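**Student:** Prediction below, plus the sequence it came from.
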Amino acid sequence: PPFLLFGVFLGTVNPPITNTAVSGMPGSMAGVAASLASSGRQTGTTLGVALAGSAHGVWWLVAALGAGLLALALLGTGRRAAATARHAAGLFDELSLPRPTG
């Protein structure tokens, strides 16, 4: 049953994570954002499955981490977070512009 839950919940979490990572970056950095999101997701999944299969009390840890993630998600979608994302996107746009020659 734990592995079935991992599969079901990963299927509902992966698309929003990838969408958020890619849509928050300029086009020139979309591949980097997608690869970082994918690497982090796969690392977390591997560690989560390993812990769930070896420790019985890990579900309390999973619940606590889920609550912390929910709090971060609420903080990360406010006005300040949106302003920071716009500022960072502007910096990346400056990096991706061709430099004048001469």
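**Tutor:** Nice, thanks for sending it over.
**Student:** Give me the neighbour count for Thr20.
**Tutor:** The number of residues packed near Thr20 is 15, by other C-beta atoms under 10 Å. Every residue, glycine included, has its C-beta placed from N, CA and C.
**Student:** Now it: closest residue in space that isn't a chain neighbour?
**Tutor:** Ala37 (8.0 Å; C-beta to C-beta, 6 or more residues apart in numbering).
**Student:** Is it correct that the one you found is in contact with Thr18?
**Tutor:** Yes. Ala37 lies in contact with Thr18 (C-beta atoms under 8 Å); the separation is 5.5 Å.
**Student:** helices and strands around the lowest-mean-pLDDT helix or strand in the chain, which ones?
**Tutor:** Ranked by mean pLDDT, DSSP states H and E, the weakest helix or strand in the chain is helix 79-96, scoring a mean of 78. Under the contact definition 3 or more C-beta pairs under 8 Å, 6 or more residues apart in numbering; DSSP states H and E, helix 79-96 sits against no other helix or strand.
**Student:** ok, and what's touching it?
**Tutor:** Helix 79-96 has contacts (C-beta atoms under 8 Å, 6 or more residues apart in numbering) with Gly24, Met25, Pro26, Ser28, Met29, Leu75.
**Student:** my read: the first one touches Ala30, true?
**Tutor:** Yep, that's Gly24 we're talking about. No. Assessed by C-beta under 8 Å, Gly24 is found out of contact with Ala30, at 9.6 Å.
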